[in-house]
Structures are given as C-alpha cells and as structure tokens.
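> this one's sequence-less:
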C-alpha cells in the first residue's frame with residue numbers, strides 16, 4: 001500500500017514538472033537572472049533567490065494554465081498529445097489546484113522583492129492567458145501579444161533591483177520582444193501541420209511562404225539593431241563596450257544568415273536551424289551583457 005502511494009506521488013510530481021514545463025520555465029528565469037546581474041550594485045542573495053523561485057513559479061503556473069485551456073487542442077497534436085491533461089495522467093482539478101497554488105505563491109514571493117516586480121509578473125500572466133492563449137486559434141496576431149509576456153522576464157531582474165521601469169528596462173524588454181518573432185515563427189514553421197490540425201494560426205501569413213519568411217528576416221534585423229543600442233550613450237546605466245558589440249553583431253549575423261536561408265529555400269530543416277540559432281543568440285547575448293559588466297568595462 002505504501003509503495004503504491006509513493007508511486008502515485010512520484011507520478012504526480014513528474015507530471016507536474018511536465019505541466020509547468022520546468023525546463024522552459026528555468027530557461028525563462030535565466031533571463032531575469034541575467035538582468036539582475038547586470039543591474040545590481042550591491043548583491044543581495046535573498047533578492048536573487050526570491051527572483052529565481054518566484055519567477056519560476058509564476059512562469060510555471062502560466063504554462064500550466066495554458067495547458068488547461070488548450071487541453072483539447074493539445075490532444076490533436078503529436079507534439080503535445082502526451083502531456084498530462086490530454087493523456088489523462090492528471091485531472092483538470094488537480095492541474096487547477098497546482099497552478100493556482102504556484103501562481104499565488106510565486107506572485108507573493110515577487111511582492112516580497114517589491115511591488116513592481118510582482119505587478120509585472122501579474123501583467124505577464126494576464127496577457128499570456130487572457131490574450132495570447134485564446135487568440136492562437138483566431139489570429140496570427142496572437143504572437144504579438146505573446147511576445148509581451150515573453151519579453152518581461154529579461155527586464156524583471158532590473159526591476160527587482162531598482163523598483164522602477166526605466167530606459168534600461170525598456171531596452172531589455174525590446175531586445176527579447178523582437179527576438180520572440182523569428183524564434184516562434186521558426187517553431188511555427190517546423191510544427192505548422194501540427195498547429196494546423198489543432199486549429200492554431202501561428203504563422204503571419206498562415207503559410208510557409210515568402211511573406212512569412214520575409215517577416216522573420218525583418219524582425220531579426222530589428223532584434224539585432226535593438227541589441228546594439230546599449231553600446232551608444234542613450235540607454236542610461238545599461239551599456240556595453242566595443243568587444244560586446246562585435247560579439248552581438250557576429251552572433252546576430254549568424255542568426256540572420258539562417259533567417260535568409262529560410263527565406264531562400266523554405267525548407268523545414270532551415271527553420272529548425274533558425275530555431276536553434278535563435279536560442280543560442282538570446283542566451284549568448286544575455287551572458288555577454290553580464291560578462292561585459294564584470295570584465296570588459
């Protein structure tokens with residue numbers, strides 16, 4: 001009896017990790033960690049840990065609520081049909097209790113840091129669940145709304161340090177905002193048939209065509225431009241040196257190269273390469289921003 005109970009508890013825990021997309025949630029929190037390290041003058045281990053834990057719970061619960069809302073559509077897609085809700089490994093009530101608890105706990109933890117950090121966490125959840133998620137089957141513009149909560153984590157660490165929205169947080173937000181478009185459209189290109197089966201409209205033109213590929217290139221260029229702004233003298237305390245600028249331009253050029261190849265050949269493999277290039281680019285420049293503060297300057 002005890003062994004059976006332990007197996008059920010272990011299964012519920014493992015399904016919870018899948019429900020909240022724990023790996024994705026940690027990667028999102030990594031953005032907040034980087035912006036905290038860029039922003040701080042006096043390091044606070046307490047604030048740092050609260051940001052990680054609270055941010056993880058907020059992002060994870062948002063992912064979970066998203067799966068609750070989309071559970072029937074998830075069952076129609078190969079890539080999501082094995083998730084806890086469509087597979088029947090977890091009930092909707094269980095998922096609601098878990099996500100409600102994590103969201104309240106996460107927002108409370110962020111509130112302990114400061115009010116604005118919690119508010120931005122709440123805004124992120126609201127836009128993600130009340131706009132992005134319900135709009136996915138309706139219009140490709142859902143990606144625009146999804147890019148907003150997707151960009152908030154990179155500014156959240158700075159807000160945790162300063163307790164204000166400023167030019168620095170605006171620039172960090174814009175970098176990750178523009179990055180969202182080529183990244184998610186690359187995913188949408190790769191999984192287009194799956195999304196189509198579930199009724200999701202993710203690509204801007206609705207097709208794997210030149211119009212979609214052109215917009216991917218267009219937003220990639222804007223992403224690179226915005227990423228270089230901290231080199232110039234109008235972004236407040238957020239600044240980078242010449243070595244960081246060169247590294248950002250090189251990594252951005254590699255991503256742009258993959259976007260241009262997708263526009264030329266329109267093959268699924270090109271979209272996969274762009275997807276991985278985008279993941280590398282974001283993580284790389286965030287690390288570069290941190291290294292620049294401690295080494296290059």
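Great, that's in hand. Everything numeric in this text was worked out from a predicted model, so none of it was measured.
> averaged over its residues, what pLDDT does stretch 141-152 have?
For stretch 141-152, mean pLDDT rounds to 97.
> quick one: contacts for residue 256?
Counting by Cβ atoms under 8 Å, 6 or more residues apart in numbering, residue 256 touches 217, 220, 221, 224. Any C-beta I mention is one placed from the backbone N, CA and C, and that applies to glycine too.
> let's see 7 Å
With contact set as Cβ atoms under 7 Å, 6 or more residues apart in numbering, residue 256 has these partners: 220, 221, 224.
> between these, which is closest to residue 238?
residue 224 (16.8 Å; Cβ to Cβ).
> next one: phi and psi at the residue nearest to that closest one when sequence neighbours are not counted?
Computed as Cβ to Cβ, 6 or more residues apart in numbering, the closest residue to residue 224 that is not its neighbour in sequence is residue 252, at 3.7 Å. Phi and psi for residue 252, reported as degrees, to the nearest 10, are phi -70, psi -40.
> Quick check: residue 252 vs residue 103, distance?
Going from residue 252 to residue 103 by Cβ to Cβ, to the nearest Å gives 35 Å.
> Kindly report the same for residue 127.
Distance of residue 127 to residue 103, computed by Cβ to Cβ: 14 Å.
> what does residue 156 give?
Note on residue 156: its distance to residue 103, by Cβ to Cβ, is 16 Å.
> who's more crowded, the two?
residue 156 (31 against 22; other Cβ atoms under 10 Å).
> hang on, isn't that one packed against residue 120?
Yes. Counting by Cβ atoms under 7 Å, residue 156 touches residue 120, with 5.9 Å between them.
> Just list the residues touching the spatially closest residue to residue 162 that is not a sequence neighbour, thanks.
Among residues not flanking residue 162 along the chain, residue 39 sits closest, at 6.4 Å (Cβ to Cβ, 6+ apart). Residues in contact with residue 39, defined by Cβ under 7 Å, 6+ apart, are 157, 158, 161, 162.
> Could you look up the SS state of the first one?
Residue 157 carries the three-state label helix when classified by DSSP: H, G, I helix; E, B strand; the rest coil.
> what residues are up against it?
Contacts of residue 157 by Cβ under 7 Å, 6+ apart are 32, 33, 34, 35, 36, 39, 51.
> Apply 10 Å and report the result again.
Shown in contact with residue 157 (Cβ atoms under 10 Å, 6 or more residues apart in numbering): 29, 31-40, 47-48, 51-52, 55, 113, 117, 169, 172.
> Please apply the same query to the second one.
Under the criterion of Cβ under 10 Å, 6+ apart, the contact list for residue 158 reads 32, 34-36, 38-40, 117, 164-166, 168-173, 237-238.
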